[in-house]
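A.B. asks: Sequence plus the predicted model coming up.
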Amino acid sequence: MGVVNVTPDSFSDGGRFSDPDQAVAHALQLVSDGADIVDIGGEATNPRAEAVSATEELARVLPVVEKLVAAGVTVSIDTTKAAVARAAVAAGARYINDVSGGLFDPDMAAAIGGATYICGHLRGRTLREVFVDESRPVGWTEVAKELRVRLSELPAGARSRAWVDPGIGFGKGSDPRTNLELLVRAGDLGRVLGAPVVVGPSRKRFLHKLFGLTNPTDAELDEATVRVSLEAVRAGARMVRVHNVALLRTALTAYNNK
């Protein structure tokens, strides 16, 4: 899954693809690089991000979704808002990637329709609440229990085809042990919940400490991302969400053919 942030303030590439045509071109490049799905986001979800209205978010993402769907790209909409999810699915998006697992918008479950829902893990009802207290480690069994509750609140049809995401970095801080445990337990998480697992470690804060990186470049973070992504795949993760698709695709090809 390739990342396309149509935002001015995303932590890694904010502002680079704010123009719809730039975002579409980048998404098509990610597909050429080997992405099976392109994840389009119109609201940043890092600790310093500013919330935006559904109207603003839709203005950012809908032109991109429509053009990519017309080009035959499998599109995921990265949103925590039911209104945005509903409109994107109506425009042809096939996945809804909700990092809040429905906690930010109680109407999300009703907006899923025929899409595949990716139920993310975090704690809190707003981004501010999520990042207020990151001091307590969150073990994979706790994540599994809380995701089970989120899944139980979905309509039966949506629940049967839902994916889960342990929410790397969301309320887990930059602690390497907590985040790495969630990656290497991806298979266990999937077995316990009976759902495929998506992981999103790309360029996250924990990589800095895990690999001793000070003021790392995107290239250094992408190399670190590949290393932990392969561990997650080895453990049983079914999908990896990354910024640098080409680098991971090369590594996965080598891994699958060794």
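C.D. replies: Done, it's in. Numbers count the residues shown, from 1 in each chain.

A.B. asks: The protein: strands as residue ranges?
C.D. replies: 2-5, 38-41, 75-78, 95-98, 116-120, 163-165, 198-199, 239-240 (DSSP state E).

A.B. asks: Give the pairing partners of the last one; include direction for each.
C.D. replies: Taking DSSP bridges as the criterion, strand 239-240 sits next to strand 198-199 (parallel) in its sheet.

A.B. asks: repeat for the second one
C.D. replies: Taking DSSP bridges as the criterion, strand 38-41 pairs within the sheet with strand 2-5 (parallel), strand 75-78 (parallel).

A.B. asks: Now render those as JSON lines, adding mean pLDDT and distance to residue 255.
C.D. replies: C-beta here means a position set from N, CA and C on the backbone, and glycine is covered the same way. Listed next are these as JSON lines, based on pLDDT from 0 to 100; distance: least, Cβ to Cβ, whole Å:
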{"stretch": "strand 2-5", "mean pLDDT": "96", "distance to residue 255": "18"}
{"stretch": "strand 75-78", "mean pLDDT": "98", "distance to residue 255": "23"}
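
A.B. asks: any chance of these in CSV, with distance to residue 245 too?
C.D. replies: Converted to CSV, the strands paired with strand 38-41 look like this (distance: least, Cβ to Cβ, whole Å):
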stretch, distance to residue 245
strand 2-5, 5
strand 75-78, 14
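
A.B. asks: Now mean neighbour count too, for those strands, in CSV please.
C.D. replies: Below are these laid out as CSV (neighbours: other Cβ atoms under 10 Å):
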stretch, mean neighbour count
strand 2-5, 28
strand 75-78, 28
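
A.B. asks: quick one, which of those strands is nearest to residue 158?
C.D. replies: The closest of those to residue 158 is strand 75-78. By Cβ to Cβ, the value is 14.7 Å.

A.B. asks: Outside of that closest one itself, which residues are in contact with it?
C.D. replies: With contact meaning Cβ atoms under 8 Å, 6 or more residues apart in numbering, strand 75-78 is reached by 1, 37-42, 61, 65, 68-69, 84-85, 88-89, 92-97, 99, 118.

A.B. asks: list the buried ones in stretch 79-93?
C.D. replies: Residues of stretch 79-93 classed as buried: 79-89, 91-93 (neighbour count, 16 or more other Cβ atoms under 10 Å).

A.B. asks: Among the strands of the chain, which comes closest to residue 180?
C.D. replies: Of all the strands of the chain, strand 198-199 comes closest under Cβ to Cβ, at 11.0 Å.

A.B. asks: and the closest one, what's its mean pLDDT?
C.D. replies: Averaged over strand 198-199, pLDDT sits at 98.

A.B. asks: Narrow the buried residues of stretch 79-93 to those in helices?
C.D. replies: 82-89 (DSSP state H).

A.B. asks: out of the residues you listed, who's nearest residue 180?
C.D. replies: residue 85 (30.4 Å).

A.B. asks: Let me know the pLDDT of the closest one.
C.D. replies: So residue 85 comes in at 98 (pLDDT).

A.B. asks: Residue 96 versus that one, what's the distance?
C.D. replies: Counting by Cβ to Cβ, to the nearest Å, the gap between residue 85 and residue 96 amounts to 5 Å.

A.B. asks: Mind listing the shared neighbours of those two?
C.D. replies: 77, 79, 108, 111-112, 115.

A.B. asks: Now render the residues you listed as TSV, adding distance to residue 218.
C.D. replies: Below are those laid out as TSV (distance: Cβ to Cβ, whole Å):
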residue	distance to residue 218
77	24
79	24
108	31
111	33
112	33
115	30
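
A.B. asks: before we move on, back to that, show me just the buried residues among the contacts of strand 75-78.
C.D. replies: With burial judged by 16+ other Cβ under 10 Å, the buried subset of the contacts of strand 75-78 is 1, 37-42, 61, 65, 68-69, 84-85, 88-89, 92-97, 99, 118.

A.B. asks: picking that back up, with distance to residue 127 added, can I get the strands of the chain in a markdown table?
C.D. replies: Below are the strands of the chain laid out as a markdown table (distance: least, Cβ to Cβ, whole Å):
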| stretch | distance to residue 127 |
| --- | --- |
| strand 2-5 | 15 |
| strand 38-41 | 13 |
| strand 75-78 | 14 |
| strand 95-98 | 13 |
| strand 116-120 | 12 |
| strand 163-165 | 16 |
| strand 198-199 | 20 |
| strand 239-240 | 23 |
